[in-house]
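Peer 1: Have a look at this prediction, sequence included:
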Amino acid sequence: MQTHTLKLPLNFTTGLLNLPETGMGYQLVKVVLKSGKILHQHKVINAEILMLEGNENIKAVDIEAIELESKSKK
């Protein structure tokens, strides 16, 4: 599946920098959109680059919150 990226604004980057990494240089996150939709198991590289799948067309202004994904979720 094709992926593309979204550079996150400073407010999200700052928050992610204060959270632990899932692996070397990345975090698995849950992205909560202002529409109420939730995107699970998305990778953020270096706390600033959100990896999106080909069919996901969102902009930074569409994001309400970004949280670390629960380790129990697969």
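Peer 2: That came through, no problem.
Peer 1: can I assume Leu28 is in contact with Glu67?
Peer 2: No: Leu28 lies out of contact with Glu67 (CB atoms under 8 Å); the separation is 10.4 Å. No exception for glycine: its C-beta is placed from N, CA and C like everyone else's.
Peer 1: who has more neighbours, these two?
Peer 2: Higher neighbour count among Leu28 and Glu67: Leu28, with 17 against 14, using other CB atoms under 10 Å.
Peer 1: so what's the more buried one scoring on pLDDT?
Peer 2: Looking at Leu28, its pLDDT stands at 97.
Peer 1: quick one: which helix or strand includes it?
Peer 2: strand 26-33 (DSSP states H and E).
Peer 1: mind listing what's buried in that strand?
Peer 2: 27-31 (16 or more other CB atoms under 10 Å).
Peer 1: Might you list the low-confidence residue ranges for the chain?
Peer 2: 1, 71-74 (pLDDT under 70).
Peer 1: the helices in it, which residues?
Peer 2: For the chain, the helices defined by DSSP state H occupy 10-17.
Peer 1: Look at the closest residue to Ile49 other than its chain neighbours and say how many residues are nearby.
Peer 2: Ranked by CB to CB, 6 or more residues apart in numbering and with sequence neighbours excluded, the top spatial neighbour of Ile49 is Thr5, at 5.1 Å. When neighbours are counted by other CB under 10 Å, Thr5 registers 13.
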